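>>> only the shape, not the letters, is given here:
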């Protein structure tokens, strides 16, 4: 196996790890979306009123959204690694045009 | 403090349920005890003079009002107790379902492996340069999960403490009222019984109300600290996006 094949194989292995991590973050995001609490869940006594419900809901939404974005990003990284591997299959060098396409302006 | 390793959600929910049951039983004992006391006295009214009866009525009216205050408070607690169980469970769930897996994911964000060391050049550098930000963002999710778990857990503990204290005082008051009804069975015990109930409904109820009020005040402070929760969301140092405050972008799509 030549050096290029080793790199290509390694990139595809690396991509698999990111796909797995993407699944995990997606699971975390959906767990967060289930952790809903009613306004009535914060205090069982009388005499004081509480506005914790909306603050909690905002926090929950924030973490859920970020974890969802993380899952998408991990998947895109995996995709980018696979694309880099495809490019290497064609030649020993990844062209700067492809690089820019994958990673943005460096 | 987030729930520690020695504390289980089962232990806390059962402590809470136990207190609520104790409150429920206590309320019934207070009502039964007071009614029995009134029955005992009514049965002996013919033995007592008009002046004594007037004094008794005055004392019992005051006692009834005092007992009603704490019974109402305790009944409110029972009626609003169910959702607290989900508060307790949710404080634990943030650790087991969010903090732990996010932290594990952060720990497993790939570092340059054995085979990948052969990958060199600009693409490799760009990739390696972006990994730490991904790891930091996943780690930040774990940090935020830990923060919200701690906040919820502190509020949950205050609710449990409120239920436990209510149960303690309701039981003490119920004991005093029940005993008074027994003592009033003897005509010689009536005055003592009435004074005992008046004390329970007066000093003891006041002490209970003060203690419960101080727990409630503490909860208000905790909930005012909800601002800290907003501050935690606003700390987006590890979430550079773009746009800022969202997950760090590593690759161009398309």
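The structure has been received and is ready for your questions. Just so it is clear, the structure is predicted and the values come from calculations on it, not from any experiment. Residues are numbered from 1 along each chain as shown, chains lettered A, B, ... in the order given.
>>> which stretches of the chain have low pLDDT?
Unless you meant another one, I'm taking chain A. A:1-6, A:49, A:90-106 (pLDDT under 70).
>>> not what I meant, chain B
Judged by pLDDT under 70, the stretches of chain B that qualify are B:1, B:112-115, B:226-227, B:252-254.
>>> tell me which residue is most central in it.
Geometric centre of chain B, nearest residue: residue B:159, 1.7 Å, by CA atoms, centre = their mean.
>>> ok, that residue to residue B:75 distance?
Noted for residue B:159: a distance of 16 Å to residue B:75, by CB to CB, to the nearest Å. Glycine gets a C-beta too; all of them are placed from N, C-alpha and C.
>>> the residue nearest to the centre of chain B contacts residue A:43, correct?
Yes - counting by CB atoms under 8 Å, residue A:43 is a contact partner of residue B:159 at 6.6 Å.
>>> what touches both of those two?
Common contact partners of residue B:159 and residue A:43 (CB atoms under 8 Å, 6 or more residues apart in numbering or on different chains): residue B:219.
>>> for the stretch 51-200 of chain B, which segments count as helices?
If DSSP state H, counting those that start in this stretch is used as the criterion, the helices of the stretch 51-200 of chain B fall at B:82-93, B:100-108, B:122-183, B:190-199.
>>> quick one: list the elements packing against the shortest one.
Here helix B:100-108 touches helix A:3-34, helix B:122-183, going by 3 or more CB pairs under 8 Å, 6 or more residues apart in numbering or on different chains; DSSP states H and E.
>>> can you redo the ones you listed as TSV with distance to residue B:53?
Output for these, formatted as TSV (distance: least, CB to CB, whole Å):
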stretch	distance to residue B:53
helix A:3-34	63
helix B:122-183	17
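>>> please identify the most buried of these.
Among these, ranked by average contacts under mean count of other CB atoms under 10 Å in any protein chain shown, first place goes to helix B:122-183 (a mean of 20).
>>> what about that helix and chain A, touching?
Yes - if you take CB under 8 Å from any CB of the partner chain as the test, helix B:122-183 does meet chain A, through B:122-123, B:126-127, B:130, B:134, B:137-138, B:140-141, B:144-145, B:148, B:152, B:155, B:159, B:162-163.
>>> so which bits of the lengthiest helix in chain A are buried?
Longest helix in chain A by number of residues (criterion: DSSP state H): helix A:52-90. By 16 or more other CB atoms under 10 Å in any protein chain shown, the buried positions in helix A:52-90 come out as A:52-53, A:55-56, A:59-60, A:62-85, A:87-88.
>>> among the helices and strands packed on helix B:100-108, which is nearest residue B:208?
With CB to CB, the closest approach to residue B:208 among those belongs to helix B:122-183: 3.6 Å.
>>> what's the angle between the closest one and helix A:52-90?
For helix B:122-183 against helix A:52-90, the angle by axes from the mean of the first three to the mean of the last three CA atoms, to 10 degrees is 160 degrees.
>>> relative to its centroid, which residue of chain A is most remote?
Largest centroid distance in chain A under CA atoms, centre = their mean is residue A:47 at 44.0 Å.
>>> mind checking how far that residue is from chain B?
6 Å (CB to the nearest CB, to the nearest Å).
>>> for that residue, helix, strand, or coil?
Assigned with DSSP: H, G, I helix; E, B strand; the rest coil, residue A:47 falls in the coil class.
>>> find the nearest non-adjacent residue to it, please.
Closest residue in space to residue A:47, ignoring its immediate chain neighbours: residue B:216 at 6.0 Å, by CB to CB, 6 or more residues apart in numbering or on different chains.
>>> kindly report the same for residue A:78.
residue A:18 is the one closest to residue A:78 (CB to CB, 6+ apart), at 3.7 Å.
>>> surely the one you found meets residue A:81?
Yes - with contacts counted by CB under 8 Å, residue A:18 reaches residue A:81, the gap being 6.8 Å.
>>> the nearest residue to residue B:158 once chain neighbours are set aside: helix or strand, and which one exactly?
Distances taken as CB to CB, 6+ apart put residue B:219 closest to residue B:158, at 4.9 Å, once the chain neighbours are dropped. Per DSSP states H and E, residue B:219 falls inside helix B:205-224.
>>> could you give the angle of that helix to helix A:52-90?
Going by the same axes, to 10 degrees, helix B:205-224 makes 30 degrees with helix A:52-90.
>>> what sits up against helix B:205-224?
A:42-43, A:45, A:47-48, A:50-52, B:66-67, B:69-70, B:73, B:151, B:154-155, B:158-159, B:161-162, B:165-166, B:169-170, B:173.
>>> could you do stretch B:36-49 as well?
Against stretch B:36-49 from outside (CB under 8 Å, 6+ apart): B:53, B:56, B:60, B:177-178, B:180-181, B:184-185, B:187, B:190, B:193-194, B:197.
>>> can you check stretch B:105-113 too?
By CB under 8 Å, 6+ apart, stretch B:105-113 touches A:10, A:13-14, A:17-18, A:21, A:24-25, A:28, B:119, B:128, B:131, B:134-136, B:138-139, B:141-142.
>>> list the buried ones in it?
For stretch B:105-113, using 16+ other CB under 10 Å, the buried residues are B:105, B:106, B:109, B:110.
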